[in-house]
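Novice: show me how the following folds:
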Amino acid sequence: MESFNAGSNAGSIASWKSERSTGSRRLLRTTTVIMDHSIFQEVKDEYGNEHVVTYIVSNHLSVICQMYGSVWPRVQKFCFFNAILSAVLWYADMKYDNIDLSIDPSGHRYLAALVSFLVIARLKIIYGYSIRAREQLNVMTYSALELVELATTLTSDNRQLEALEWRKNIALGIIELIRDCVDALSYNSELASELTEDQIIRRRTCFRQPTLTALKLKKSIVSHRTEFGFEMSTMIQRPVEELKLLSLVDNFIDAFFKIDSLINTPFPFPLVQMARVILYFWVFTLPLALIHSRYPLWGICMLIFLLTYGFIGIEFVCIEMSDPFGDDANDFDQVNLARIAFEDIYLVLYRNDGHEGEVSKVRRIAEDMLSKSRFFNDI
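Specialist: Prediction:
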C-alpha cells in the first residue's frame, strides 16, 4: 500500500490504496488533492467485476445489441417458437380451405387488457420493492460512515493510545457488522424456494448474527469510560454524544431488518399464478387470433415475435428483480458497495490519526475478518 505525503499543502498527490489480492478482481484508486489545507477525495471503483451491468443510454445501437444483462437470451426460445407456430398455422389456414384455425380476435382484445394490467402492475410493485431496498442499503452505508466520522470527530483532540484503540474498535465493529449483513442477504438469495431444515436453521443464524454484532459494537462505543477510562469530549455532554453514536447503530440495524422484511415478503402466489396462466394462454393463442386478419406471412411472424418478446420479457424482468441481492446481472452489487464503504472508513481514520501504520493495522485485521466470509472472497 502506498503512503500519503501530507506534509505538502500544494500540488497534488495521487496515491493511496492500489491493492489486488489473490482471487480478487477489484482495484480501488483514490486520488487526493491537497491545496490550501483542503483535501478533495475522488474514489473511483474499477473492480472490473462483470457482475455489474453498464450501458450508455444515449447509444441506441449499443443498448439494443447488448446481451449481458438482457432478458433476450432467456426469451428468444419463446419468441422463435411462437413465430414458427404462427407460420405453420398461417400456412395451414391458407392451404386448406376446409380447415379454419382462426379465432375471433375480439375476445383476445379484452384479454389483452387484463394481461397488460397484471404484468405491468406486478412490474411496478416489484420495482418499488427494489427501490426501497436500495434506499435502505444507502441508509446502512451512510450510518456506518457517519458513525466512524462522528466517533473520530468527538475524540479528534485526544491522541492517547486508549483513544486510538477505541476508534479502531469502532471501525472494526462496523466493518464486521456490514460483513454479517452482506453475508445474510447474499446467502438468502442463494436459497431455493424449497428449504431444507439445515438451510432454515442457517438462514435464521445468518439473520440473527447482525443483531449480536450490533450489541458488541454498542458495548465498544460505551467502553471509552469503562475499559479505556477517557472522556470523549468536554464540548458536549457525554450522554448526548453516546446516544447519537448508539442511534447510528440502531439506524443501521433498522435499515437491515427493513430489507429483510422486503425480501422475505413474497408477492402473493395466487396473483402470480393467475397472471402467469393468463399471460401464457394469451401469448400462445395470439397466432390464432391474428391469422383471422389475413396478415402476410412475414407480417404475422414479425408481430408475434415482438409481442412475445415484450410480454414474456417483462415477466422475466419481474422474476429477476424479485430478488435484487443475488448474483444476477441486474442485482445489487452489495459486496463491492461494502468494500467502498470500508475504504471510506480507512480514509477517515487516516485523516484523523495521521498514522498510516495504524490504518494498515486496521486494514489487515479487517481483511482477516472478511476472509472468513465466502461472499467477500469471491470478488
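
Novice: what's the neighbour count on Asp97?
Specialist: 7 (other C-beta atoms under 10 Å). (C-beta placed from N, C-alpha, C; glycine too.)

Novice: what's the answer for Thr205, then?
Specialist: Using other C-beta under 10 Å: Thr205 sits among 11 other residues.

Novice: how about it, phi and psi?
Specialist: Phi and psi for Thr205, reported as degrees, to the nearest 10, are phi -60, psi -40.

Novice: helix, strand, or coil at Tyr295?
Specialist: coil (DSSP: H, G, I helix; E, B strand; the rest coil).

Novice: mind checking how far it is from Arg364?
Specialist: 69 Å (C-beta to C-beta, to the nearest Å).

Novice: dump the residue contacts of Leu191.
Specialist: 199, 203 (C-beta atoms under 8 Å, 6 or more residues apart in numbering).

Novice: going forward, begin numbering at 16 instead of 1
Specialist: With the count now opening at 16, the last piece we talked about shows up as Leu206.

Novice: tell me the confidence at it?
Specialist: Listed pLDDT for Leu206 reads 71.

Novice: repeat for the one 3 residues further on
Specialist: Glu209 is assigned a predicted lDDT (pLDDT) of 63.

Novice: got it, and Ser30?
Specialist: On the pLDDT scale, Ser30 gets 35.

Novice: one step back: looking at Tyr310 and Arg379, which is more packed in?
Specialist: Legend: neighbour count by other C-beta under 10 Å for Tyr310 and Arg379, higher for Tyr310 (17 against 10).

Novice: distance of the more buried one from Ala102?
Specialist: 11 Å.

Novice: could you do Asp115 as well?
Specialist: The gap separating Asp115 from Ala102 is 17 Å, by C-beta to C-beta.

Novice: and if you look at Leu169?
Specialist: Counting by C-beta to C-beta, the gap from Leu169 to Ala102 is 73 Å.

Novice: so what's Ser171 up against?
Specialist: For Ser171, the contacting residues are Asn367, by C-beta under 8 Å, 6+ apart.

Novice: which element is it on?
Specialist: Following DSSP states H and E, there is no helix or strand that holds Ser171.

Novice: dihedrals phi and psi, it?
Specialist: phi -60, psi -30.

Novice: number of residues surrounding Arg89?
Specialist: Neighbour count of Arg89, defined by other C-beta under 10 Å: 13.

Novice: before we move on, back to that, more crowded one of Asp115 and Ala102?
Specialist: For Asp115 versus Ala102, the count of surrounding residues by other C-beta under 10 Å is larger for Ala102: 16 against 10.

Novice: contacting residues around the more buried one?
Specialist: 312, 315-316.

Novice: can you list the weak-confidence ranges in the chain?
Specialist: Scanning the chain for pLDDT under 70 picks out 16-66, 207-210, 240-253, 369-373, 392-394.

Novice: helices along that one, start to end?
Specialist: 75-80, 87-110, 120-169, 176-205, 212-241, 253-278, 284-305, 312-336, 349-368, 371-385, 389-392 (DSSP state H).

Novice: mind putting those helices into a markdown table with distance to Asp343?
Specialist: Listed next are the helices of the chain as a markdown table, based on distance: least, C-beta to C-beta, whole Å:
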| stretch | distance to Asp343 |
| --- | --- |
| helix 75-80 | 19 |
| helix 87-110 | 11 |
| helix 120-169 | 12 |
| helix 176-205 | 9 |
| helix 212-241 | 20 |
| helix 253-278 | 14 |
| helix 284-305 | 18 |
| helix 312-336 | 5 |
| helix 349-368 | 13 |
| helix 371-385 | 23 |
| helix 389-392 | 15 |
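
Novice: so which of those is nearest Val67?
Specialist: Nearest of the helices of the chain to Val67, taken as C-beta to C-beta: helix 349-368 at 7.7 Å.

Novice: how far does the closest one sit from its chain's centre?
Specialist: 18 Å (C-alpha atoms, centre = their mean, to the nearest Å).

Novice: and stretch 73-93, by the same measure?
Specialist: Worked out by C-alpha atoms, centre = their mean, stretch 73-93 lies 21 Å from the chain centre.

Novice: can you check stretch 138-157 too?
Specialist: On C-alpha atoms, centre = their mean, the centre of stretch 138-157 falls 9 Å from that of its chain.

Novice: just the CA trace of it, in PDB.
Specialist: Extracted in PDB, the C-alpha atoms of stretch 138-157 (Å, rounded to 0.1, in the frame of the first residue of the first chain):
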ATOM      1  CA  LEU A 138     -43.600  -5.000 -12.500                       C
ATOM      2  CA  LYS A 139     -44.400  -1.700 -10.900                       C
ATOM      3  CA  ILE A 140     -44.800  -3.300  -7.400                       C
ATOM      4  CA  ILE A 141     -41.600  -5.300  -7.700                       C
ATOM      5  CA  TYR A 142     -39.600  -2.200  -8.900                       C
ATOM      6  CA  GLY A 143     -41.000  -0.300  -5.900                       C
ATOM      7  CA  TYR A 144     -39.700  -3.100  -3.600                       C
ATOM      8  CA  SER A 145     -36.300  -2.900  -5.300                       C
ATOM      9  CA  ILE A 146     -36.000   0.900  -5.000                       C
ATOM     10  CA  ARG A 147     -36.900   0.700  -1.300                       C
ATOM     11  CA  ALA A 148     -34.300  -2.000  -0.700                       C
ATOM     12  CA  ARG A 149     -31.700   0.100  -2.400                       C
ATOM     13  CA  GLU A 150     -32.600   3.100  -0.300                       C
ATOM     14  CA  GLN A 151     -32.100   1.000   2.900                       C
ATOM     15  CA  LEU A 152     -28.700   0.000   1.600                       C
ATOM     16  CA  ASN A 153     -27.800   3.700   1.300                       C
ATOM     17  CA  VAL A 154     -29.000   4.200   4.900                       C
ATOM     18  CA  MET A 155     -26.800   1.300   6.100                       C
ATOM     19  CA  THR A 156     -23.700   2.600   4.300                       C
ATOM     20  CA  TYR A 157     -24.400   6.200   5.400                       C
END
